[in-house]
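Enquirer: What shape does this take:
(one chain, ligands or ions: 1)
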Amino acid sequence: MEFLPLPPAATPGQALEQIDTPALLLDLDAFERNLDFMQDNVRRAGLQLRPHAKAHKCPQIALAQLARGAAGICCQKISEAVPFMQAGVRNIHISNEVGSPQKARLLAGLALHADISVCVDDATQVEWLEEALRQADASLVVLVEADIGQGRCGVPDAASCLRLIDMIARQSRMRFGGLQAYHGGVQHLRGHGERRDAVLRANERTSGFLRAMDVAGIRCPVVTGGGTGSVEFDLESGVYTELQPGSYVFMDGDYGRNEWTGGLRFEQSLFVASAVMSRIREGRVVLDAGLKSLAVDSGLPHVHGRKELEYISANDEHGIVTVSDDERQPELGELVLLVPGHCDPTLNLHEELIGFRGRTVECVWPVAARGLSR
Ligand SMILES: Cc1ncc(COP(=O)(O)O)c(C=O)c1O
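Expert: Numbering: from 1, shown residues only. Down below sits the predicted model:
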C-alpha cells in the first residue's frame with residue numbers, strides 16, 4: 001500500500017503547529033537546564049548522580065545525562081536496560097529485585113556485556129542469581145535493598161540485612177555493592193516542611209542500617225536512593241553516596257503540586273501535544289488526546305498556558321475540555337499543550353519524543369524502552 005509506512009508525526013525543522021497529534025513533546029531548553037541543574041547540585045554536594053531511566057526510557061536522554069557526568073543509570077526492569085546497552089550505556093543499576101529464576105538468567109546474560117548491579121531482599125534471590133551467573137559464566141554486583149519506611153520491597157531490619165550481606169559474601173559470582181534506600185512515599189508529600197520531616201525520618205532508618213554494618217565491620221561502598229521530591233534534602237543528608245532521581249528531567253502535574261520553597265526547582269519540559277478535533281457544544285471542545293496518550297493515575301492533565309481551558313474528562317481517544325472564556329474558544333485543529341499528571345507511565349504510551357526549541361522541531365527521539373516491562 002503506497003501510504004505505508006506511516007509518515008512521521010514530526011520532522012526536524014518543522015514548525016510545532018505542523019506536527020501530527022497526539023504527540024509527546026520535549027522543550028529542549030527547559031530539559032537541558034533541568035539536566036545541568038541536577039548534575040551541578042549533586043556534584044557540588046560531592047555525590048554521584050545515577051538518574052533513573054524509568055522516567056524517560058529514552059537512550060538519547062541517558063547519553064545526555066552521562067555526558068554531563070552521571071555515574072551510570074538506573075533501570076527498574078531488566079528488559080528496560082537492553083535499549084540503553086544497545087546505545088552504549090555500560091553502567092546500569094537495576095533498582096529492583098529479581099522475581100524468578102528466568103529473570104535471573106536474563107540479568108546474567110546482560111551482565112556479560114556491561115557493569116550491572118541489582119537489588120536483593122531475600123536469600124532465594126541470591127540463590128537464583130548465583131545459579132544463573134554460574135551458568136552464564138558472568139558476575140554481578142549485588143546491593144541489599146532496605147525498607148526505609150515505604151513498605152514496598154527491602155529488608156525490614158538490620159539483622160536481615162546483615163544475614164543477606166553475609167550470604168552474598170559467600171557466593172563466588174557476586175560482590176556486595178552496598179545499600180539501596182529509596183522511599184517513594186515521601187516524594188509527593190505536598191508541604192515542603194512535611195516532606196523534609198518525612199525524608200529525615202527515612203534517613204534515620206537508613207542510618208540505622210549503616211550503623212549495624214559498621215558495628216559488624218562491613219564496608220558499605222554505595223548508598224543509593226532518592227527521587228526528585230526528596231533530592232534537595234538527600235543532598236545534605238550525609239547518608240547517600242549516590243542519588244537516583246528520574247522525573248526531574250521532565251516534571252509533571254503531580255510534582256508541580258509539590259511545594260518547592262528551597263533553591264532546588266525544576267522546569268516543566270514535557271507536554272502532550274493534542275489538537276481540537278470537535279467543538280460542537282458551546283463552552284467545551286474535544287481534544288484528540290485521551291487515556292491512550294496520557295496516564296491519569298496521578299490526576300488529569302492540565303492545559304499549559306491557557307487558564308480558560310480545563311481538561312475535565314479523559315475517554316480512550318478523546319479529552320473533554322471546558323472553555324470558561326467565550327472570547328478565547330480554541331479553533332478546530334488548534335494545538336493545545338497538556339501537562340500530564342504523571343510522566344513515567346505517559347512516556348510508556350508513546351513511541352517517540354519530539355524535541356523542540358522555540359516553536360521549531362529539532363529532533364525526534366525513540367522512546368526505545370517503551371513497553372519493556374519484563
Ligand atoms: C527505586 C526508585 N528510584 C528512583 C526513582 C525516581 O523517582 P522520581 O521519578 O520521583 O525522581 C523511583 C521512582 O519511582 C524508584 O522507584
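
Enquirer: what pairs with Leu26 across the strands?
Expert: Beta bridges link Leu26 to Leu270, Gly355, judged by DSSP bridges.

Enquirer: Could you report the neighbour count for it?
Expert: By the measure other CB atoms under 10 Å, the count of residues near Leu26 is 26. From N, CA and C alone the C-beta is placed, and that goes for glycine too.

Enquirer: what's the answer for Met85, then?
Expert: If you count neighbours by other CB under 10 Å, Met85 ends up with 16.

Enquirer: wait, isn't it in contact with Leu110?
Expert: Yes - counting by CB atoms under 8 Å, Met85 does reach Leu110; the two are 6.6 Å apart.

Enquirer: list residues touching both of the two?
Expert: The contact sets of Met85 and Leu110 overlap at Ile92 (CB atoms under 8 Å, 6 or more residues apart in numbering).

Enquirer: Go through stretch 103-122 and flag the buried ones.
Expert: 103-111, 116-122 (16 or more other CB atoms under 10 Å).

Enquirer: One more: stretch 7-16?
Expert: By neighbour count with 16+ other CB under 10 Å, stretch 7-16 contains the buried residues Ala9, Ala10, Gln14, Leu16.

Enquirer: Likewise for stretch 133-144?
Expert: Residues of stretch 133-144 classed as buried: Leu133, Ala136, Ala138, Ser139, Leu140, Val141, Val142, Leu143, Val144 (neighbour count, 16+ other CB under 10 Å).

Enquirer: One more: stretch 152-166?
Expert: Applying 16+ other CB under 10 Å to stretch 152-166 flags Cys153, Gly154, Val155, Ala158, Ser160, Cys161, Leu162, Leu164, Ile165 as buried.

Enquirer: Residue numbers of the chain in contact with the ligand?
Expert: Counting by CB under 6 Å from any ligand atom, the residues of the chain close to the ligand are 52, 55, 95, 182, 184, 187, 227-229, 244-247.

Enquirer: Ramachandran angles for the residue nearest to Ile354 when sequence neighbours are not counted?
Expert: Distances taken as CB to CB, 6 or more residues apart in numbering place Ala10 nearest to Ile354, at 4.6 Å, with adjacent residues excluded. As for Ala10, its main-chain torsions (degrees, to the nearest 10) stand at phi -160, psi 150.

Enquirer: just to revisit the earlier point, return the member of the buried residues of stretch 103-122 nearest to Gly178.
Expert: Ser117 (8.5 Å; CB to CB).

Enquirer: Fine by me, thanks again.
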